[in-house]
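Colleague: Need coordinates for the below:
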Amino acid sequence: MQFKQWITHLGAALLATTFAISSQAEIWSSTEVHYSNGDLLNPFSKKDEDTSIITFQHAGGHKYGDNFFFIDHSRVKDGKSEFYGEWYSNFSLGAITGNDMSFGAVKDVGLIAGFNFAPAVDSTWFLPGVRLALDLPGFAFANLDITGYNNVTTGANANEEESSYMLDFNWAYPFKAGGFSWSVEGHAEYIAGRDVINTSGAKQSEKENWILMQPQLRMDLGEALGNEAGNFYVGLEYQYWKNKLGQKDQNESTVQLLTVWNF
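Modeller: Sure thing, here's the model as predicted:
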């Protein structure tokens, strides 16, 4: 319990620092609204459900690093809806120290702090770690994040989880083909398995290691129709999720239709 309290206080301190730094004017920013629809697996009922998701997403950079967050509102056809969100703040050691942090394919090293919020299960996770910003030819950006995965806030209706870790590769690769502007972007993550602890402190169950990949193929439809580039995209998102939400052998492989508005 002392470890959980320490992690919670550290997370609160990092979040306060993030807000203080982010109060400065952003050097760059990108805000998007996504709409996607497809059949997604409910790993508890073990059924595919027609699901629509509206995502509000923002990324922005400041003098010492960058921030990224999104909020999903998902709705199952003829069923319930719920929210889920994530926030990540990266602090560039190169920008903070003024030193060159590059080596090999790595162009910078950062300290990253992430928070995942799941109101539906009354839980919050804190993900402290390191970001390796990669210098890969043709990529708009490519990052490898190595973090802890700590369940720090659990409501009365949720069981506690042991800590584990996450590896996440996130990227964007723009290219031209057929006279149109395209982009392949998204992320792929691995989260290690962990025990679920009941209120008496005993192991109740176990969550399996999971692999989640969500690459998107986007076409700039706005530019194709003669409007300004970078504002309106259509495409597909492929979602592969092995042991979805830590449920053993509940694997998902599905394609969703995708529409993106960028502001």
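Colleague: Run through the strands of the stretch 51-200 of the chain in chain order.
Modeller: 65-76, 81-92, 106-118, 123-134, 141-154, 160-161, 164-177, 180-191, 194-197 (DSSP state E, counting those that start in this stretch).
Colleague: now the shortest one, how far from the centre of its chain.
Modeller: Distance of strand 160-161 from the chain centroid (Cα atoms, centre = their mean, to the nearest Å) equals 21 Å.
Colleague: Among the strands of the stretch 51-200 of the chain, which comes closest to residue 46?
Modeller: Closest to residue 46 of these, according to Cβ to Cβ: strand 65-76, at 14.4 Å. C-beta here means a position set from N, CA and C on the backbone, and glycine is covered the same way.
Colleague: Packing partners of the closest one?
Modeller: Using 3 or more Cβ pairs under 8 Å, 6 or more residues apart in numbering; DSSP states H and E, the elements in contact with strand 65-76 are helix 2-22, strand 47-62, strand 81-92.
Colleague: Determine which residue lies closest to the centroid of this protein.
Modeller: Geometric centre of the chain, nearest residue: residue 86, 6.0 Å, by Cα atoms, centre = their mean.
Colleague: quick one: pLDDT of it?
Modeller: On the pLDDT scale, residue 86 is placed at 96.
Colleague: How about it: what's its closest non-neighbour residue?
Modeller: Leaving out its chain neighbours, the residue that sits closest to residue 86 by Cβ to Cβ, 6 or more residues apart in numbering is residue 116, at 5.0 Å.
Colleague: cool, and residue 133?
Modeller: Distance criterion Cβ to Cβ, 6+ apart; nearest residue to residue 133, sequence neighbours excluded, is residue 108 at 4.2 Å.
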